[in-house]
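*Asks:* fold the stuff below for me.
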Amino acid sequence: MYAKVYNLKFVNPTDAKIASSFFAENLAKFIRSCNMQSINVSLGPCGSLAISTKFENSLDLKSFEAKSKTVFEDIKKSFNYIQTNFSGVYIYTYEAESASTEITRPIAKH
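*Replies:* So this is what the prediction gives:
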């Protein structure tokens, strides 16, 4: 698995909140076309924003990098922030399976 990770530090925490919604909406558009395995957008304290993506192969990662460039350029025009990013290979990952938390009513017997 291949990863692309972006770390952004905004001057104003409110800007990070706005940008997180923008990134979530606009980067999600590339899920199918770039064969993304996962994407996580995390908002941290004091204006920190992290975006982690996962791909099956490096060609999909490179496709995402090219297609997502305009999304990052749009944010750069609107807000002040410092960005670092890197591409890498997943060494270890764990995710618990989803469990249903739905409450059902027992069916009454007549």
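*Asks:* quick one, what contacts the residue nearest to V5 when sequence neighbours are not counted?
*Replies:* Leaving out its chain neighbours, the residue that sits closest to V5 by C-beta to C-beta, 6 or more residues apart in numbering is S52, at 5.1 Å. Any C-beta I mention is one placed from the backbone N, CA and C, and that applies to glycine too. If you count contacts by C-beta atoms under 8 Å, 6 or more residues apart in numbering, S52 has them with A3, K4, V5, Y6, S38, I39, N40, S42.
*Asks:* now do the one helix or strand L61 maps to: distance to the chain's middle.
*Replies:* Element membership of L61, judged by DSSP states H and E, is helix 58-78. Distance of helix 58-78 from its chain centroid, counting by C-alpha atoms, centre = their mean, to the nearest Å, is 12 Å.
*Asks:* hmm, back to that, give the bridge partners for the residue nearest to V5, please.
*Replies:* Here S52 sits in beta bridges with V5, N40, going by DSSP bridges.
*Asks:* can you give me the separation between it and K67?
*Replies:* S52 sits 17 Å away from K67, going by C-beta to C-beta, to the nearest Å.
*Asks:* what do you get for E56?
*Replies:* 16 Å.
*Asks:* go on, I75?
*Replies:* The value you get for I75 to K67, if C-beta to C-beta is used, is 15 Å.
*Asks:* between the two, which has more neighbouring residues?
*Replies:* I75 (19 against 14; other C-beta atoms under 10 Å).
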